[in-house]
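Engineer: Sequence and predicted structure below; questions after.
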Amino acid sequence: MPNLKKGKIQVRKTGQQVQFIGDHLTFAVNKKTGLLQDVRKNGVVLIQSGPYINLKIPGKHVYYSTIIMDD
């Protein structure tokens, strides 16, 4: 995890993204989806895209086991 320190952040807006650039950490937010894109610390990629919501709902009840989950 990055060690956060007080400092200045540059904000750049492009057609598809809003980029946040600090001394050692940079990341972009996709304007359309709201997802993080290309999170980097010292040039090393930590996250390429996400987070994605994985919604699961209860499915058919199985008496001999747990409940089956439907995606």
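Structural biologist: Cool, the structure landed.
Engineer: So which residues of the protein form strands?
Structural biologist: 10-13, 17-21, 25-30, 36-41, 44-50, 57-58, 69-70 (DSSP state E).
Engineer: Need these in TSV (columns: mean pLDDT and mean neighbour count).
Structural biologist: C-betas here are computed from N, CA, C, even on glycine. Formatted as TSV, the strands of the chain follow (pLDDT from 0 to 100; neighbours: other CB atoms under 10 Å):
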stretch	mean pLDDT	mean neighbour count
strand 10-13	95	9
strand 17-21	94	15
strand 25-30	91	17
strand 36-41	88	16
strand 44-50	87	11
strand 57-58	72	8
strand 69-70	64	10
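Engineer: my guess is residue 22 meets residue 6, correct?
Structural biologist: No - judged on CB atoms under 8 Å, residue 22 makes no contact with residue 6 at a distance of 10.4 Å.
Engineer: Neighbour count: the two, which is higher?
Structural biologist: Neighbour comparison, residue 22 and residue 6: the larger count goes to residue 22, with 15 against 4 (by other CB atoms under 10 Å).
Engineer: who's in contact with the more buried one?
Structural biologist: By CB atoms under 8 Å, 6 or more residues apart in numbering, residue 22 lies in contact with 7-10.
Engineer: Just send these back as TSV, with distance to residue 58 too.
Structural biologist: As requested, these are exported to TSV (distance: CB to CB, whole Å):
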residue	distance to residue 58
7	47
8	48
9	43
10	46
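Engineer: Could you tell me how far residue 14 is located from residue 57?
Structural biologist: As judged by CB to CB, to the nearest Å, residue 14 and residue 57 stand 37 Å apart.
Engineer: what does residue 43 give?
Structural biologist: Taking CB to CB, one finds residue 43 at 41 Å from residue 57.
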